[in-house]
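Student: Here is my input; please provide its structure:
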Amino acid sequence: MPGMKLHTLRRMLVVAVITADTKAKAVEAGRHFVWRMGPTLRGPVEWFSPVGMRSRAGNQFALKARPRSLAGMSYEELLAERFIIAGTPDEVAEGFAIVHRELGVGHLLLEAQESRMDHPTTMRSIELMGAKVVPAVAAL
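Tutor: Numbers count the residues shown, from 1 in each chain. Below you'll find the model as predicted:
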């Protein structure tokens, strides 16, 4: 249609993320996300993939892309595959850049706190995300 602009499809991804002043602190705090990758993902499939949310082709693609359940992955594997991103602000920004580049993700939803994380750790992560990570990835 004349005058109509085409918009690029921007995929969305939910990522569990924690940043801290040191990588060791972030990696330790990130362990709190592991329980979320386990038992809570073992509920009825319709809770996590409601009818109409993904096509049959999309389901087949997902099975080929990740044939293992997140519940069966170790913390180290979850970090390596970027289902959990934990590190210094520079490392988190680089992790987001990799997810953007490799998956074509344009919108990240961040699960930035897990119930077992203490308040000071959570607040420091939020502070670092706003002050350092978001400005670093704003141009992606």
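Student: how far is the lengthiest strand in the chain from where the chain is centred?
Tutor: For the chain, the longest strand by residue count, based on DSSP state E, is strand 11-19. Distance, stretch centre to chain centre, for strand 11-19: 2 Å (C-alpha atoms, centre = their mean, to the nearest Å).
Student: try stretch 80-89
Tutor: The answer for stretch 80-89 is 8 Å, by C-alpha atoms, centre = their mean.
Student: Pull the residues that contact that stretch.
Tutor: The list of residues contacting stretch 80-89 from outside it, by C-beta atoms under 8 Å, 6 or more residues apart in numbering, reads 15-23, 26-27, 29-30, 33-34, 37, 70, 73, 75, 78-79, 91-92, 95-96, 98-99, 128-129, 131-133, 136. No exception for glycine: its C-beta is placed from N, CA and C like everyone else's.
Student: Mark which of those residues are buried, thanks.
Tutor: Buried members of the contacts of stretch 80-89, scored by 16 or more other C-beta atoms under 10 Å, are 15-20, 26-27, 29-30, 33-34, 37, 70, 73, 78-79, 91-92, 95-96, 99, 128-129, 132-133, 136.
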